[in-house]
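Q: Sharing a sequence plus its predicted fold:
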Amino acid sequence: MTPIQVAAEVLKLPPSQLTATRIKGGLTNESWCVQAPHAAVVVRISTADEHALQLNRRSEAQALAIAQQAGIGAEVLLCEPERRLLVTRLVNAHTLSVEAMRTDATIGQVAQLLRQLHALPVPVGIQLIDLAATLRGYWHSLEGQTWSADDAQARLREMDIAMEIAMESSRLTNRCLCHNDVHHLNVLSNHRRLWLLDWEYAGVGDPFFDLAAVCCYHAYNETLRDRLLAAYLGQVEAADRLRLQRMCWLFDYIKELWLAVRQCGNEASPPP
């Protein structure tokens, strides 16, 4: 189905009344803004190898429902994982830039948004984010890749460090619902408040992984990391700084593996 056909089905309008514009960004999906006479929706069609990239669409559907109810996600009009389709109402807001994500005002808003998210009740059935299992899964997907002896040795050392940090995270007791991909293109603002988009990696996990995503995607230096921690925690201890530093290292490492898996050609054809 085309994006216009999907939107026509949801809005119960003839396709001739709709127009579609491709949305830039997004590495695992194709998304369009579809305009109708009195409405606008976003149609997302998944084109990724969901198994290789460890995407759980049924768990994502639960996270989307929670986010919508809490007012921090878009309204869901259609969510059919078996058809690889998601349709949400267009939020009247704009995505943020990297520069905006580095301002004091936005850092405070992001911290408030993440505190709200991390305090939400988690329903039974939503996926548990096991970072060690994520690492092993990506490595399994990369089996068969050839590296030089030096590269292979370095990668093994990095994997040992990553697993150590991941196991530390797994022993935490303050696990909560996390977004796990807080990138500026996934953050909408109307200057008064924020929303989060793209919940495909959401699950019960370590809240510091969300903080690390903000820091790593937007090149936070030590000063900006401290501002984010202070806005999120209130009072910052040396142990908090160290925990965030180590989680940032792990986030960057997992992102590298994810990109490597995707570059191996792990993409699927769009749904019929």
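A: Sure thing, it's come through.

Q: now the helices for the stretch 101-250 of the chain?
A: 104-118, 131-141, 149-170, 207-217, 222-233, 238-263 (DSSP state H, counting those that start in this stretch).

Q: Could you single out the most deeply buried of these?
A: Highest mean neighbour count of those: helix 207-217, a mean of 24 (counted as mean count of other C-beta atoms under 10 Å). For every residue, glycine as well, the C-beta is placed using N, CA and C.

Q: Quick one: mean pLDDT over it.
A: Model confidence over helix 207-217, given as mean pLDDT, is 98.

Q: now the angle from that helix to helix 149-170?
A: Taking axes from the mean of the first three to the mean of the last three C-alpha atoms, to 10 degrees, one finds helix 207-217 and helix 149-170 inclined to each other by 140 degrees.

Q: Now do helix 207-217: which elements does it pack against?
A: For helix 207-217, the contact count by 3 or more C-beta pairs under 8 Å, 6 or more residues apart in numbering; DSSP states H and E identifies helix 98-101, helix 104-118, strand 176-178, helix 222-233, helix 238-263 as packing neighbours.

Q: The ones you listed: lowest mean pLDDT?
A: In terms of mean pLDDT, the lowest-scoring of those is helix 238-263 (a mean of 92).

Q: contact partners of stretch 160-174?
A: With C-beta atoms under 8 Å, 6 or more residues apart in numbering as the contact definition, stretch 160-174 has outside contacts at 130-132, 134-135, 205-209, 246-247, 249-250, 253-254.

Q: quick one, what contacts the nearest residue to residue 115 once chain neighbours are set aside?
A: Leaving out its chain neighbours, the residue that sits closest to residue 115 by C-beta to C-beta, 6 or more residues apart in numbering is residue 232, at 6.3 Å. With contacts defined as C-beta under 8 Å, 6+ apart, the neighbours of residue 232 are 111, 114-115, 211.

Q: Which residue lies nearest the spatial centre of the protein?
A: In the chain, the C-alpha nearest the mean C-alpha coordinate belongs to residue 181, at 2.7 Å (C-alpha atoms, centre = their mean).

Q: Pull the number of nearby residues for the closest residue to it other than its chain neighbours.
A: In space, residue 181 comes closest to residue 201 once its chain neighbours are excluded; the distance is 4.9 Å by C-beta to C-beta, 6+ apart. Applying other C-beta atoms under 10 Å, we find 24 residues neighbouring residue 201.

Q: Tell me how far residue 201 lies from residue 85.
A: Distance, residue 201 to residue 85, by C-beta to C-beta, to the nearest Å: 18 Å.

Q: now residue 69
A: With distances taken as C-beta to C-beta, residue 69 is found 21 Å from residue 85.

Q: again, but for residue 94
A: Using C-beta to C-beta, residue 94 is found at 25 Å from residue 85.

Q: From the rest of the structure, what touches stretch 237-245?
A: Everything outside stretch 237-245 that qualifies as a contact, by C-beta under 8 Å, 6+ apart, is 208, 211-212, 215, 225-226, 229, 233.

Q: what does stretch 78-95 give?
A: Contacts with stretch 78-95, where a contact means C-beta under 8 Å, 6+ apart, come from 1, 6-7, 9-10, 25, 33, 39-47, 57-58, 60-61, 64, 74-77, 184-190, 195, 197, 268, 270-271.

Q: If burial is judged by neighbour count, which of the residues you listed pass?
A: Buried members of those, counted by 16 or more other C-beta atoms under 10 Å: 6-7, 10, 33, 40-47, 57, 60-61, 64, 74, 76-77, 184-189, 195, 197.

Q: Sweet, I'm off.
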